[in-house]
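> Coordinates for the following, if possible.
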Amino acid sequence: MQCTLEQAAKEIAAGTGLVHRLVTDGQRGAGIYRRSLMLASGRYAMLDDGIGFNLVPWEPVIKQRLR
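I've put the predicted structure just below:
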């Protein structure tokens, strides 16, 4: 069974000690790319800003910027 976005955020927060910062529609996530996650609702990128993290929908531009 795959996790929901909320479940994944709770697990990451518990494992890292970082606070999940919810990104709303139209808002841009910012931070250092740490990993990607495949959830039931699609692929997401974890962006760490040093205090908290965002889970943002995967976009092709993310892969381009990792090079």
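> Output the contacting helices and strands for the longest helix belonging to the chain.
Identified as the longest helix of the chain according to DSSP state H is helix 5-16. With contacts defined as 3 or more C-beta pairs under 8 Å, 6 or more residues apart in numbering; DSSP states H and E, the packing partners of helix 5-16 are strand 19-20, strand 32-39, strand 42-48, strand 52-57. C-beta here means a position set from N, CA and C on the backbone, and glycine is covered the same way.
> doesn't Val61 fall inside a helix?
Yes: assignment of Val61 by DSSP: H, G, I helix; E, B strand; the rest coil places it within a helix.
> If you count neighbours, what's buried in the longest helix of the chain?
Leu5, Ala8, Ala9, Ile12 (16 or more other C-beta atoms under 10 Å).
> With stretch 58-67 instead?
Applying 16+ other C-beta under 10 Å to stretch 58-67 flags Ile62 as buried.
> From Tyr44, how far off is the residue positioned nearest the centre of the chain?
For the chain, the residue nearest the mean C-alpha position is Leu55 (2.1 Å; C-alpha atoms, centre = their mean). Going from Leu55 to Tyr44 by C-beta to C-beta, to the nearest Å gives 5 Å.
> Repeat that for Gly31.
For Gly31 relative to Tyr44 (C-beta to C-beta), the value is 13 Å.
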